[in-house]
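Participant: Got a predicted model here, sequence first, then my questions.
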Amino acid sequence: MKSAFNVGDLIRHSALLSKLNRGYGIVLIIMPMKIKCAWTNGDESWIHPGQLSLVARGQDGKLS
């Protein structure tokens with residue numbers, strides 16, 4: 001199954017409860033059923049892709 005996200009994409013966590021909302025982050029690793037993200041507060045965590053929304057695409061390692 002192809003992921004809707006790529007490594008380096010800017011994402012937003014959209015949780016139902018505001019206490020669990022992590023805000024914005026960057027995709028680090030993509031697994032079939034979860035994605036590892038680095039958040040603006042410095043934390044890293046695994047999240048189900050259904051809880052994320054894409055804000056901006058990364059550059060896929062290409063120089064600008």
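Facilitator: Now that the structure is in, tell me what you want to look at.
Participant: can you give me the strands for the chain?
Facilitator: Applying DSSP state E to the chain gives strands spanning 10-13, 24-30, 35-39, 44-47, 52-56.
Participant: Just tell me which of these ends up closest to residue 4.
Facilitator: strand 52-56 (6.9 Å; Cβ to Cβ). No exception for glycine: its C-beta is placed from N, CA and C like everyone else's.
Participant: Give me the average confidence score over stretch 50-61.
Facilitator: Average pLDDT, stretch 50-61: 85.
Participant: quick one: buried residues of that stretch?
Facilitator: By 16 or more other Cβ atoms under 10 Å, the buried positions in stretch 50-61 come out as 51, 52.
Participant: Pretty sure residue 59 sits against residue 6.
Facilitator: No - using Cβ atoms under 8 Å, residue 59 is not in contact with residue 6, being 9.4 Å away.
Participant: And the contacts of stretch 9-22?
Facilitator: Applying Cβ atoms under 8 Å, 6 or more residues apart in numbering, the contact partners of stretch 9-22 are 5, 23-27, 37, 39, 41, 43, 45, 47, 51-58.
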